[in-house]
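Undergrad: Give the three-dimensional model of this entry:
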Amino acid sequence: MREYGIPVPKGSVTKRASQAGKIASDLGSEKVVIKAQIHAGGRGKGGGIKLASSPEEAEKAAQEIIGMQLVTHQTGPEGKKVKKVLIEEAQEIRQELYVGIVIDRSQSSEQPVIMASAAGGMDIEEVASKTPEKIIKVGANPVTSFSIFQGRKIAFGLGLDKPLIGELSAILNNLYRLFIEKDASLVEINPLIITENNRFLALDAKINFDDDALYRHPRIKGLRDPDEEDPLEVIAKEAEVNYIKLDGNVGCMVNGAGLAMTTMDLIKMAGGEPANFLDVGGTASPERIEKAFRILTSDKNVKAILVNIFGGIVRCDRVALGIIEAASNMDLKLPMVVRLQGTNSEEARKIMAESTVRFEVAEGLYEAAEKAAKMVI
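TA: As a prediction, this is how the structure comes out:
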């Protein structure tokens with residue numbers, strides 16, 4: 001944000017509490033804030049943000065935060081372990097605002113939307129849910145640049161004093177440039193504060209980048225922190241398998257994102273709980289299938305596996321051979337339901353019928369979901 005002319009506080013990140021006091025001293029501020037660095041919001045309410053009035057207090061606060069299992073409304077009940085903190089200048093806050101840019105994918109818009117609210121801070125989600133009229137929205141054509149007029153319109157809508165209108169408009173213009181040039185899918189500042197001396201400061205922020213555009217931004221790609229990701233998701237990314245861990249007990253292996261989402265929905269309809277989203281993609285080679293099985297079985301919550309493959313580009317007989325080979329290599333013990341439809345599905349059924357691997361075959365999609373759900377009841 002500094003690169004784009006957006007004012008931010010001075011601060012530094014550390015993994016060691018013993019360094020917090022020195023950082024606080026170097027900042028030269030009477031008060032500092034110690035902030036847990038995890039990939040989740042709601043840190044303040046969970047005890048992950050503390051104020052300190054001296055280097056000694058800063059070190060003590062860092063000791064309390066580093067290593068804690070921080071639970072917020074975005075981490076789930078298991079929480080996330082804090083491994084580093086940001087030591088930052090404390091600010092005298094006169095007002096908290098929210099500003100953000102996101103892609104509106106609705107047919108009526110299909111463009112970036114700049115959002116702003118005078119009710120910024122920790123409860124912005126509640127504002128969006130209960131009083132959405134307090135959030136100002138302005139669409140921006142991605143082909144043209146963000147206009148000063150649009151920025152002034154938002155500033156007037158927030159009821160800002162006249163001297164601040166031009167400054168906010170400039171900040172929004174810079175934020176929009178960041179959003180477009182860095183291929184972001186979300187950029188938000190919450191809160192964007194107005195200080196006691198009447199200046200804007202981005203006190204906290206979040207940026208989501210489009211994974212498919214990271215090849216254009218090697219420096220941003222280098223900022224990735226695997227410690228903040230689920231270990232199985234890290235393994236899946238390295239194996240080029242699309243995987244997201246969930247809380248259920250039916251492991252899913254599907255080809256195609258849409259079919260995977262449908263499979264998860266049907267498992268829930270059948271009374272089960274999907275343990276993951278897993279799309280093995282269009283190739284579904286034996287090697288990739290084995291990697292997918294190893295990821296599924298590494299989740300201790302998985303009690304049964306549902307394989308649902310539609311053979312279009314990929315041939316079902318090749319998938320069947322891959323399933324048999326992978327299950328044999330791993331000595332797979334978990335109960336499994338297999339549904340193979342599409343190209344060479346008859347040959348696939350014959351291959352599986354002649355194999356020694358234990359599984360149940362399903363013809364229909366809901367039938368497959370029912371069988372998998374019954375296996376974990």
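
Undergrad: Sketch out the low-pLDDT regions of the stretch 201-350 of the chain for me.
TA: Residue ranges of the stretch 201-350 of the chain with pLDDT under 70: 282-284.

Undergrad: can we see that at 90?
TA: For the stretch 201-350 of the chain, the stretches with pLDDT under 90 are 211, 223-242, 247, 255-257, 279-294, 297-298, 309-334, 340-350.

Undergrad: just the helices in this structure please.
TA: 20-27, 55-65, 124-130, 148-157, 162-181, 218-221, 231-238, 257-269, 286-298, 316-330, 345-353, 365-375 (DSSP state H).

Undergrad: of those helices, which approaches I103 most closely?
TA: Minimum separation from I103 across the helices of the chain (C-beta to C-beta) falls at helix 162-181, 9.3 Å. Where you see a C-beta, it was placed from the backbone N, CA and C, and this is true even at glycine.

Undergrad: Run through who's touching the closest one.
TA: By C-beta atoms under 8 Å, 6 or more residues apart in numbering, the surrounding residues in contact with helix 162-181 are 1, 3-7, 99, 101, 112, 114, 116, 140, 142, 145-146, 148, 150-152, 154-156, 158, 160, 184, 187, 189, 192, 194, 198-200, 207.

Undergrad: how does it look with 6 Å?
TA: By C-beta atoms under 6 Å, 6 or more residues apart in numbering, the surrounding residues in contact with helix 162-181 are Y4, G5, I6, I101, F146, I148, G151, R152, A155, V187, F200.

Undergrad: thinking again about what came up before, dump the helices of the chain to CSV, plus distance to G11.
TA: Shown next, in CSV, are the helices of the chain (distance: least, C-beta to C-beta, whole Å):
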stretch, distance to G11
helix 20-27, 7
helix 55-65, 11
helix 124-130, 22
helix 148-157, 27
helix 162-181, 19
helix 218-221, 20
helix 231-238, 28
helix 257-269, 39
helix 286-298, 37
helix 316-330, 47
helix 345-353, 57
helix 365-375, 49
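
Undergrad: what about stretch 209-224, how long is it end to end?
TA: Terminal residues of stretch 209-224 lie 11 Å apart, using C-alpha to C-alpha, to the nearest Å.

Undergrad: Okay, buried residues for it please.
TA: Using 16 or more other C-beta atoms under 10 Å as the test for burial, stretch 209-224 gives F209, H217.

Undergrad: how's the chain carved up into domains?
TA: Domain assignment for the chain, taken from automatic domain parsing, gives 11-89, 93-221, 229-375.

Undergrad: roughly how far out does the longest one sit from the chain middle?
TA: When C-alpha coordinates are averaged (C-alpha atoms, centre = their mean, to the nearest Å), domain 229-375 and its chain have centres 24 Å apart.

Undergrad: got it, and stretch 161-180?
TA: Centroid displacement of stretch 161-180 relative to its chain, using C-alpha atoms, centre = their mean, is 26 Å.

Undergrad: Which positions within that stretch qualify as buried?
TA: Those would be 164-165, 167-169, 171-180, for stretch 161-180 by 16+ other C-beta under 10 Å.

Undergrad: of all those residues, which comes closest to A257?
TA: The nearest member of these to A257, counting by C-beta to C-beta, is F179 at 24.8 Å.

Undergrad: ok, back up a step: from the contacts of helix 162-181, keep the buried residues only.
TA: Buried members of the contacts of helix 162-181, scored by 16+ other C-beta under 10 Å, are Y4, I6, I101, F146, G151, R152, A155, V187, F200.

Undergrad: Lowest-confidence entry in these?
TA: Across the buried ones among the contacts of helix 162-181, the bottom pLDDT score, 75, is held by F146.

Undergrad: How much space separates the residue nearest to E88 when sequence neighbours are not counted from G5?
TA: Closest residue to E88 apart from its sequence neighbours, by C-beta to C-beta, 6 or more residues apart in numbering: G11 at 3.3 Å. According to C-beta to C-beta, to the nearest Å, G11 and G5 sit 18 Å apart.

Undergrad: Report the separation between A58 and Q69.
TA: With the distance defined as C-beta to C-beta, A58 ends up 22 Å from Q69.

Undergrad: which one of the two has more residues nearby?
TA: Neighbour count, other C-beta atoms under 10 Å: between A58 and Q69, A58 has more, with 28 against 11.

Undergrad: show me the residues around P7 that make contact.
TA: Residues in contact with P7, defined by C-beta under 6 Å, 6+ apart, are F200, L201.

Undergrad: give me phi/psi at it?
TA: phi -70, psi 130 (degrees, to the nearest 10).

Undergrad: S29 too?
TA: According to degrees, to the nearest 10, the main-chain angles of S29 amount to phi -100, psi 150.

Undergrad: Counting neighbours, what do you get for it?
TA: Residues within reach of S29, counting by other C-beta under 10 Å, total 19.

Undergrad: likewise K83?
TA: Counted with other C-beta under 10 Å, the neighbours of K83 add up to 14.

Undergrad: before we move on, what about K134?
TA: By other C-beta under 10 Å, the residues close to K134 number 15.

Undergrad: Surely it and M115 touch.
TA: No - counting by C-beta atoms under 6 Å, K134 stays clear of M115, with 10.7 Å between them.

Undergrad: Give the residues shared as contacts by those two.
TA: Contact criterion C-beta under 6 Å, 6+ apart; residues shared by K134 and M115: none found.

Undergrad: Pick the one among the buried residues of stretch 161-180 closest to V33.
TA: Nearest to V33 among the buried residues of stretch 161-180, counting by C-beta to C-beta, is I171 at 21.3 Å.

Undergrad: Per-residue confidence, that closest one, what does it come out as?
TA: 92.

Undergrad: for R199, same thing?
TA: Predicted confidence (pLDDT) for R199: 91.

Undergrad: ok, the closest residue to it other than its chain neighbours to R152 distance?
TA: Leaving aside its sequence neighbours, R199 sits nearest to P7 (C-beta to C-beta, 6+ apart; 7.0 Å). From P7 over to R152 the distance is 19 Å, taken as C-beta to C-beta.
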